[in-house]
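Visitor: give me coordinates for this.
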Amino acid sequence: MKRVGILGPGAIAQTHLAGWQQLPVEIAAHYDLRPEFAQRAADQYGGKACASLEEFYDAVDIVDICTPAAAHKANVLTTVAAGKPMVCEKPLARHLKDCYAIVEACENASVPLFVAHVVRFFPEFANAKAVIDSGAIGKPGVIRTIRAGTFPRTLGTFYGNFEKSGGVILDVGIHDIDFQRWCMGEVERVFARGLTFANQPERDHALITLRFTNGAVGHIEASWASPVGQWRTRLEISGDEGIVEWDSEGEAPITRIVANETGTGKARTTLSPYGPDIQPYKAELADFLNHLETGEPMRVSPRDALMAVKVALAAIESVRSGQPIEIATFDEVPLVEQMSIKTDTHLTKQMSTKKDAHLTEQMSTKKEGAA
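Guide: You can find the predicted model right below:
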């Protein structure tokens with residue numbers, strides 16, 4: 001039985017641990033820079049809290065990296081050096097150069113890396129992909145997705161810090177960037193508008209348009225601006241012979257509504273006891289175990305994860321610059337340059353243009369009156 005260790009047993013780790021508990025593995029060890037977090041996880045899920053990375057790596061066969069994205073590169077490279085196959089929470093890294101370094105290191109050392117792009121394992125989304133592959137809707141031409149909820153407060157100020165989280169596009173929008181690329185193929189260019197640089201992190205909202213190399217178009221709405229307790233996902237894929245769609249707010253065979261943790265809204269779930277694959281976090285981990293046991297390809301490759309980050313960062317640059325971004329030639333703008341712009345530059349430019357036009361019209365009117 002494989003021994004699993006959790007590196008960074010914080011918020012998302014709780015979800016991963018619940019998935020591991022349902023699989024034929026041993027939860028063996030936990031390590032965190034904050035020892036109390038490791039001990040808490042050990043008390044709840046079993047295994048031991050390790051005092052050092054050396055102790056941690058000696059105790060495990062598989063590493064599950066659940067640290068913030070900014071720490072992913074260091075943790076992945078350390079795990080590669082230890083020769084341990086690993087799961088890494090998305091995004092692959094906060095910066096593109098780190099993604100390239102991670103993928104190169106894993107490939108050179110032949111160490112398996114699975115990046116947890118879990119949306120591919122949600123049954124509604126997996127079934128939509130299967131419908132496309134079956135040819136039931138013909139050639140897909142347009143795909144639309146929505147992923148909108150409340151600003152997350154589980155890690156204090158982390159999500160509101162753009163330098164650390166990358167805002168709603170890198171944290172939320174990347175889910176649908178990966179899913180749409182899975183369905184439609186490579187992205188040629190991206191154009192996006194949003195509030196990433198508007199100094200309103202708790203209302204960050206983005207509209208992203210993707211042009212795929214096959215000519216198809218993708219639309220993504222990603223948001224942290226919903227009222228407290230609200231969460232919605234939606235997908236619609238149109239082909240030349242049909243449409244497949246799903247909405248979390250639509251009717252479901254089994255629906256349970258309960259008060260959320262804060263008591264300020266409702267948490268809605270449609271988990272069915274008759275659907276064993278309805279647990280996507282378990283399913284993604286099972287996919288990785290299957291790869292280790294059989295050598296079959298993982299549903300998400302390291303390159304898939306790299307490309308998701310690349311398109312997400314290009315979308316962020318599009319918001320910053322107000323311009324469409326070609327993916328093939330895109331390179332990440334230095335963070336200091338990104339942070340030098342605190343407003344939606346394209347919107348500012350539009351407002352300036354309108355102001356100039358209005359002023360010109362006023363001057364023209366006065367000139368005509370004087371004549």
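Visitor: do a quick rundown of the helices in the protein.
Guide: Secondary structure of the chain (DSSP state H): helices at 11-20, 35-45, 53-58, 72-82, 96-109, 123-134, 162-165, 167-168, 174-184, 280-294, 302-321, 335-339, 345-370.
Visitor: winner for burial among these?
Guide: Stretch with highest mean neighbour count among those: helix 167-168 (a mean of 28; mean count of other Cβ atoms under 10 Å). Heads up, the C-betas are built off the backbone N, CA and C, glycines and all.
Visitor: quick one: residues in contact with stretch 47-64.
Guide: Stretch 47-64 has contacts (Cβ atoms under 8 Å, 6 or more residues apart in numbering) with 2-7, 13, 16, 20, 25-31, 35, 38-39, 41-42, 78-79, 82, 84-87, 292.
Visitor: could you redo the last one with a cut-off of 6 Å?
Guide: The contact list for stretch 47-64 (Cβ atoms under 6 Å, 6 or more residues apart in numbering) reads 2-7, 16, 27-31, 38-39, 42, 79, 82, 84-87.
Visitor: can you give me the pLDDT of the residue nearest to A312 when sequence neighbours are not counted?
Guide: Excluding the flanking residues, the one nearest A312 by Cβ to Cβ, 6 or more residues apart in numbering is I174, at 4.5 Å. On the pLDDT scale, I174 is placed at 98.
Visitor: could you dump the helices of the chain to CSV with distance to H205?
Guide: Putting the helices of the chain into CSV (distance: least, Cβ to Cβ, whole Å) gives the following:
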stretch, distance to H205
helix 11-20, 22
helix 35-45, 31
helix 53-58, 39
helix 72-82, 26
helix 96-109, 23
helix 123-134, 22
helix 162-165, 14
helix 167-168, 7
helix 174-184, 14
helix 280-294, 25
helix 302-321, 10
helix 335-339, 18
helix 345-370, 13
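Visitor: which one, of those helices, ends up nearest to E202?
Guide: helix 167-168 (10.1 Å; Cβ to Cβ).
Visitor: how far off centre is the closest one?
Guide: Relative to its chain's centre, helix 167-168 lies at 10 Å (Cα atoms, centre = their mean, to the nearest Å).
Visitor: same check, this time on stretch 30-40
Guide: Mean-position distance between stretch 30-40 and its chain equals 25 Å (Cα atoms, centre = their mean).
Visitor: which of the helices of the chain has the lowest average pLDDT?
Guide: helix 345-370 (a mean of 45).
Visitor: among the contacts of stretch 47-64, the buried ones, what's the PyMOL command?
Guide: PyMOL command restricting the contacts of stretch 47-64 to the buried ones, with burial defined by 16 or more other Cβ atoms under 10 Å:
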select buried, resi 2+4+5+6+7+16+27+28+29+30+31+38+42+79+82+84+85+86+87
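Visitor: inside strands: which ones of the contacts of stretch 47-64?
Guide: Members of the contacts of stretch 47-64 lying in strands (criterion: DSSP state E): 2-7, 27-31, 86-87.
Visitor: which residues are in contact with stretch 290-307?
Guide: Applying Cβ under 6 Å, 6+ apart, the contact partners of stretch 290-307 are 85, 92, 99, 103, 106, 113-115, 117, 120, 287.
Visitor: show me what contacts T79?
Guide: Residues near T79 by Cβ under 6 Å, 6+ apart: 63, 86.
Visitor: so what touches stretch 166-178?
Guide: Residues outside stretch 166-178 that contact it (Cβ under 6 Å, 6+ apart): 91, 117, 119, 145, 147, 165, 196, 204, 206, 208, 220, 222, 224, 308, 311-312, 315-316.
Visitor: how about the strands of the stretch 151-300 of the chain, start to end?
Guide: 187-194, 205-212, 217-223, 231-239, 242-247, 256-259, 266-269 (DSSP state E, counting those that start in this stretch).
Visitor: returning to what we had before: looking at the contacts of stretch 290-307, which one is closest to D331?
Guide: Nearest member of the contacts of stretch 290-307 to D331, counting by Cβ to Cβ, is C99, at 12.2 Å.
Visitor: do you know how far the closest one is from S248?
Guide: 30 Å (Cβ to Cβ, to the nearest Å).
Visitor: quick one: which of the helices of the chain is nearest F191?
Guide: Comparison of those against F191 by Cβ to Cβ identifies helix 302-321 as nearest, at 5.3 Å.
Visitor: how far off centre is the closest one?
Guide: Here helix 302-321 is found 11 Å from its chain centre; the criterion is Cα atoms, centre = their mean.
Visitor: alpha carbons of that helix, in CSV - could you do that?
Guide: Only the C-alpha atoms of helix 302-321 are listed here, as CSV (Å, rounded to 0.1, in the frame of the first residue of the first chain):
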residue,chain,number,x,y,z
PRO,A,302,2.3,18.7,-16.7
ARG,A,303,2.2,20.5,-20.0
ASP,A,304,-1.6,20.9,-19.7
ALA,A,305,-1.0,22.6,-16.4
LEU,A,306,1.8,24.8,-17.8
MET,A,307,-0.4,25.9,-20.7
ALA,A,308,-3.3,26.8,-18.3
VAL,A,309,-1.0,29.1,-16.4
LYS,A,310,0.4,30.6,-19.6
VAL,A,311,-3.1,31.4,-20.9
ALA,A,312,-4.2,32.7,-17.5
LEU,A,313,-1.2,35.0,-17.2
ALA,A,314,-1.8,36.2,-20.8
ALA,A,315,-5.4,37.0,-19.8
ILE,A,316,-4.1,39.1,-16.9
GLU,A,317,-1.7,40.9,-19.2
SER,A,318,-4.7,41.6,-21.6
VAL,A,319,-6.6,43.1,-18.7
ARG,A,320,-3.6,45.3,-17.8
SER,A,321,-2.8,46.4,-21.4
